[in-house]
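Engineer: The following comprises the amino acid sequence and a computationally predicted model.
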Amino acid sequence: QVLLVESGGGSVQPGGSLRLSCTGSGLAFSTYAMAWFRQAPGKEREREFVAGLTWSGDSKYYADSVRDRFTISRNNLKNTVYLQMDTLELEDTAVYYCAATLSVVSTTPSSYEYWGQGTQVTVSS
């Protein structure tokens, strides 16, 4: 059974930081491209690509809205992918999901084979 388990969400003020983690089990983690998506309140049908990286971590991709504020990384020895989120804004409030694919990094949710259960990030003053 494949499991992706996110952690690290919480509440923070604008300008603050959080670090999300996603640990995988039951899959050859180091062979999967990984990505973070988010789903904002009131947008239950829209899962937005945030960031992704290749199996090696050599290539990284970001949505324009988070570029220069978020950093994606991975540690294949720990089967974990991270999302460092700095300078958080109110608009970053969402449930954040990690996803895995044997294909290339894509901004399309349907391209991913496995998903975590999500972790809530709330940015409020």
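Structural biologist: Arrived safely. Residues are numbered from 1 along each chain as shown.

Engineer: going forward, measure contacts and count neighbours with C-alpha atoms only.
Structural biologist: OK.

Engineer: Spatially central, which residue of this structure would that be?
Structural biologist: Nearest to the geometric centre of the chain sits Trp36, at 2.2 Å (Cα atoms, centre = their mean).

Engineer: In terms of helices and strands, where is the residue nearest to that residue when sequence neighbours are not counted?
Structural biologist: Nearest residue to Trp36, sequence neighbours excluded (Cα to Cα, 6 or more residues apart in numbering): Cys98, at 4.5 Å. Following DSSP states H and E, one finds Cys98 within strand 94-101.

Engineer: May I have the residues that are in contact with the residue nearest to Trp36?
Structural biologist: Counting by Cα atoms under 8 Å, 6 or more residues apart in numbering, Cys98 touches Leu4, Glu6, Cys22, Met34, Ala35, Trp36, Phe37, Trp115, Gly116, Gly118.

Engineer: residues contacting the fifth one?
Structural biologist: With Cα under 8 Å, 6+ apart as the criterion, the residues that contact Ala35 are Phe49, Val50, Ala51, Gly52, Leu53, Cys98, Ala99, Ala100, Val105.

Engineer: Show me what it is bridged to.
Structural biologist: When bridges are called by DSSP bridges, Ala35 pairs up with Gly52, Ala99.

Engineer: What of the second one?
Structural biologist: Legend: beta-bridge partners of Glu6 under DSSP bridges are Cys22.

Engineer: okay, now it: neighbour count?
Structural biologist: 23 (other Cα atoms under 10 Å).

Engineer: Against Trp36, how distant is it?
Structural biologist: If you measure Glu6 against Trp36 using Cα to Cα, to the nearest Å, the figure is 10 Å.

Engineer: joint contacts of those two?
Structural biologist: With Cα under 8 Å, 6+ apart, Glu6 and Trp36 have common neighbours Tyr97, Cys98.

Engineer: What's the mean pLDDT across the strand holding Cys98?
Structural biologist: Across strand 94-101, pLDDT averages out at 98.

Engineer: and what of stretch 58-72?
Structural biologist: Mean predicted confidence for stretch 58-72 is 97.
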